[in-house]
Each structure stands twice: as structure tokens, then as C-alpha cells.
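> Starting from these lines, generate the structure:
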Amino acid sequence: MSAAEKEPGFSAYAGRWIARLWGRVVGQGGTPGQALHAAQSTRHKEIPEVSFVPTPSPLSFPPLVDQVRQALPDPITVYLVGGAVRDAFLGKPSQDLDFAVAKDALKLARKIANLLGGAYYRMDDENETGRVILTGAGGERSILDFAVFRGADLEADLAGRDFTINAMAVDIRAPQELLDPLGGVADLAQKIIRACGPASLSDDPVRVLRAVRFAAGMKFIIQPETRQLAKQAASKLPQVSPERLRDELFKILSVPQAAVSMRALDILGALAEVLPELPPLKQVQPPPPHLEDVWAHSLHVAGNLERLLALLDLGYAHNNEDGGDLVTGLVSLKLGRYRPQLSEHFSQKLNFDRSYRPLFMLAALYHDSGRIQEEESFDAHARRGAEIMRKRADALRLSNPETERAVNIVRYHQLPRALIHGGGQIDDLAVYRYFRETGPAGVDIALLSLADLLARHGPGLSADVLGEHIGLVRSLWEAYWEHPEKVDPPALLDGNDLMRALKLKPGKQIGAMLEAVREAQVTGAVADKEGAIELARGMAR
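Residues are numbered from 1 along each chain as shown. Now for the predicted structure:
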């Protein structure tokens, strides 16, 4: 940096390239070329000096950027592009790094993988994209993608990206000299999501979902023209592969304000394309004490779920609402002791590439998807909703474990309410039968039922009803984590034991006997193998 660039007069150009003649700024821009072009538009016969004015605070990049730079062959120019540059301005860590080069991206990716001890994958031969996956000592993964320019040069590549805040780059040999041809830094400062160009969203409609995610995750506003582009591109979402839609949807459901994001997708016309079963719920009015249509209720359930997860220190921020003091106090007092177990439960992965929490939020949004206007039996809509959830899970290409968990949550979301209606204080046998039906999803269903209760009654919910339901949730969690023998009693014998002792043949009767033994263990009526055989003998007579 020259002495002139340290003077106060240059502070207005921080983070920009400037062109100077005789010490005076005669042009500026987001790249050296833009600054030079601006200067030559009025001083076309003179050759200005072009330089970068540093940002007030140095940009901080992950150590991996230095490791890549040190591993590079000397002649190669490599640019760090996209989200990692944006995150450097926001002061956020970034484990996923995108690099752009003029040529030989696959060869470079393989070389970096070899030098850094990572795994190499050919991602896209047509666009020449290679991926390097580095795994840390604790199992954490970093992903480095290397791709050739999508266009004639770097500026063309950046112009073809989604939003201006993601269309910035740095040469990793000069990481403090920003290249920002589309004004991404200004949009970051103004907290605006702006498309890079008129075709940015129609060229890749999944960017409609991405706009909503960025807006929710960073608390930015989608610029009006970009909102209009999103509405125009939403109808093209069915052309996107189910896997890409799923991944972007799960990212949306991973950030706070999922309900707000769903409303935004609906306004943009994208919700009907991605989760088509949900918008029709606006036309369904459930029976009292529900206060609103099923769609609005489902959004409130999702919002309440985030609120409860926040109260239990599970990674969501929340704002107090009416009745927040009562809910906060009772949840913290009665359920707070299970924070460590809940944290471990919600950190599980039913799929290696996806966390569990967004799947839970998706199931919450679908919990009443089977409702219709007419009065029905108590859980008819839950059975129908489970079928709807399964079809949507299949359409999103969820794994079998993910599908079964989501389906179970929807299918049995009424069970805690049924236990309350059945007398409030539940016994050991009721707890056992509850988890026999729900499995590990019973933990989630209990929390979902509380979010459902808050949404169903609204501000009119009495302290007694709230306290009773929280007590039920506590009883279920206590059994699951503190008395596992009530949930899954140890086997005293198996089917072969019964067939030998009672001289029986294989059949449904054996399964019924084993289940009767398990229930008798829970109630204390049977404590050993001999007692189990005697119980089964009585059933065989």
C-alpha cells in the first residue's frame, strides 16, 4: 500500500480499486479493470496508476487458504470465490471453499488433495470441477471445490453466479485485494440480497430457495427486483433435481425462522412447487380449540418448536412472545435437566450428509397435512398425514431411516394428547406402549406435542393445562433416558426358548407371548425366565 493510500482522503474508497493521476483519484471500481475503464472514460490519453485501497480491518480467511496457496505451483493463479469471501467480510468461519482457475481445475484439485492428504473426486467433467475433502482429527470435514471459469474470464464467472454478495473473489496470493465487480460489499453493508443479473434465477431456479435461506439466515432483505425474478423463476423449480431441492430445503430448515422462510417461499410461489401438499392447508379449518386454518397452525407449530429448542439450548435463537414468561419458566424448570440428552439426540445423523434437525422441522410442517374439513376419528388425519409424509419423503429422495423417522413423527403426533385425555398421569405400561409404537421418534413427538398445544390454544392456554402437558413430556423423557428398562426391557427369553419349553411350532402366537412377557416385565409381574415361561404357558392353554 502506498503512502497516499494511507491518507484519510482515501478512506471513502476502502475495499475498492482506484485509478490515480498525479495523486488524484480519477476512477474507481470493484476490479482493476473497472477502475481503469472509469478513469479512461474521461482521461483516455493518459495511463493512470491502479491500486487497491485496503479495508479498515484485514479480511480473515480460514487457514486452509494459506495451505492451498503454499501448495500451488508457481505459475498458477487461483481465486477464492463466493461464500468464503462473503464470510470473511462478515467475520464468519467457512469450511467450504470454492476456487476458480482459468484451466486445469481437475489436475489442480488432484494435486492439492495429494499434498494435503485429502480425498479427491471428479464432480463434473463437462464444467471441469474437482472436489477435495479433508477430514480433521475430530471427524470434521472441509470441502474444497476447484472449477474452471464459467465464462471467458473471472469477471464473466462472477457475473454468472447467484447473488452479488456471493460474486466476490480474491487472488489467494493477494487475499486482501478484493475483486468485487457487482458491488457485493455494498449490498452486504445494506443487508440486501440482489441477483447478479436478469437471468440469474431462471438459469438455476434452486436459487429462489437460496435467496430465502440467505435472507433468513443473515437477516437480509431480498431486493424488490430480485423478488420479482424469483416469482418468475419459481415455476421452473420442478425442473431441478429432487436431490438439489432437498439439500437446499434442508438448509432453509436448518436456520432460525423456518416458519418465516416458509411464508416467504409461499409468497414467491415456490412452496407449491417444492412442498405442494402444504399450500392447500389454507383452505382447511380444524375444529376448536384451533384458532386458525391448518397452514397457519402448522407455521405456528414450527415457530413454537424453534422457541422450545431455543429454551432448551439446542441452537435456535428466539424472541419472547405473549405468555413467554410462563412457558420459559415451566420448560426450564421441568425439562431443562434433559438438555445434555436432548443435545445428543438432536445431533444424531440419520444420513451422513444431513443433520437431523431440519428433518424434524419438515415433519412438524407436515404433522397435520392429512386433515380435511369433516369431523373424523381422533387419529384418522394422522394416518393419512403419514402416507402424505412418506410420498413427500420419497419425492425428496430421503434415506430410509430419515423417511421412517419423519413418517413416525407424523403418524403418532397425537399419542401424547391421547395419553393426557386418558387420565393425565401415565403408568409404566403406557410409557412402554408409547415407545413401542414410536421408537426414538417418541422423544421428538413429545416436544412436537407441546409446540402443537401452544399453537392450538394460543394466548388462552391455561397454566394448568400447560403444566399438565409439560409434566407428561417430562415423564416420557424421564423413562426414555433414566429408566430404559421401562422402554426396552431386557429379553428374558426368545422364541426358540418358548418353542422348546412349551413344545410349540413357529407362528403368531409366539410373538404375542413374547410381547406379553415384555409388558409383564414392565409392570413387575415377571422378573426372570421361569416366570416368563409360566406366563406363556398360561396363554398356551
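> residue boundaries of the helices in the stretch 101-250 of the chain?
Secondary structure of the stretch 101-250 of the chain (DSSP state H, counting those that start in this stretch): helices located at 105-116, 154-159, 184-190, 200-203, 206-218, 224-233, 242-254.
> Any idea which of the ones you listed gets closest to A395?
helix 242-254 (6.1 Å; Cβ to Cβ). The way it works is simple: take the backbone N, C-alpha and C, and place the C-beta from them, glycine included.
> Let's test this: mean pLDDT of the closest one, rounded?
Averaged over helix 242-254, pLDDT sits at 96.
> who are the neighbours of the next helix or strand after that helix, in terms of helices and strands?
Per DSSP states H and E, the first helix or strand lying C-terminal to helix 242-254 is helix 258-267. Other helices and strands packing on helix 258-267, by 3 or more Cβ pairs under 8 Å, 6 or more residues apart in numbering; DSSP states H and E, are helix 206-218, helix 242-254, helix 271-274, helix 294-311.
> make it 6 Å
Contacts defined by 3 or more Cβ pairs under 6 Å, 6 or more residues apart in numbering; DSSP states H and E place helix 258-267 against helix 206-218, helix 294-311.
> Reformat these as JSON lines; add mean pLDDT and distance to M262.
As requested, these are exported to JSON lines (pLDDT from 0 to 100; distance: least, Cβ to Cβ, whole Å):
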{"stretch": "helix 206-218", "mean pLDDT": "96", "distance to M262": "9"}
{"stretch": "helix 294-311", "mean pLDDT": "94", "distance to M262": "6"}
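> want to throw those helices into TSV with mean neighbour count?
Below are those laid out as TSV (neighbours: other Cβ atoms under 10 Å):
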stretch	mean neighbour count
helix 206-218	23
helix 294-311	22
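> Put together CSV for those, with distance to T31 on each row.
Shown next, in CSV, are the helices and strands packed on helix 258-267 (distance: least, Cβ to Cβ, whole Å):
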stretch, distance to T31
helix 206-218, 23
helix 294-311, 41
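> residues in contact with Q223?
Neighbour list for Q223: 192, 194 [criterion: Cβ atoms under 6 Å, 6 or more residues apart in numbering].
> Run a quick neighbour tally on the spatially closest residue to E140 that is not a sequence neighbour.
Nearest residue to E140, sequence neighbours excluded (Cβ to Cβ, 6 or more residues apart in numbering): Q95, at 7.3 Å. Per other Cβ atoms under 10 Å, the neighbour tally for Q95 reads 15.
> Skip the chain neighbours and tell me the closest residue to the residue nearest the centre of the chain.
By Cα atoms, centre = their mean, the chain has its centre lying nearest to S254, at 2.4 Å. Nearest residue to S254 in three dimensions, chain neighbours excluded: P358, at 4.8 Å (Cβ to Cβ, 6+ apart).
> returning to what we had before: so the residue nearest to E140 sits against L144, correct?
No. If you go by Cβ atoms under 6 Å, Q95 and L144 don't touch, sitting 9.6 Å apart.
> so what pLDDT did E7 get?
According to the model, E7 scores 49 on pLDDT.
> picking that back up, which one of the helices of the stretch 101-250 of the chain lies closest to A520?
Closest to A520 of the helices of the stretch 101-250 of the chain is helix 242-254 (Cβ to Cβ; 42.3 Å).
> for the closest one, the distance to its chain's centre please.
7 Å (Cα atoms, centre = their mean, to the nearest Å).
> in it, what's buried?
Buried residues in helix 242-254, counted by 16 or more other Cβ atoms under 10 Å: 245-254.
> Please find the angle between the direction vectors of it and helix 294-311.
60 degrees (axes from the mean of the first three to the mean of the last three Cα atoms, to 10 degrees).
> got the helices of the stretch 101-250 of the chain as CSV, with distance to E177 columns?
What follows is the helices of the stretch 101-250 of the chain, written out as CSV (distance: least, Cβ to Cβ, whole Å):
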stretch, distance to E177
helix 105-116, 21
helix 154-159, 13
helix 184-190, 13
helix 200-203, 25
helix 206-218, 25
helix 224-233, 28
helix 242-254, 31
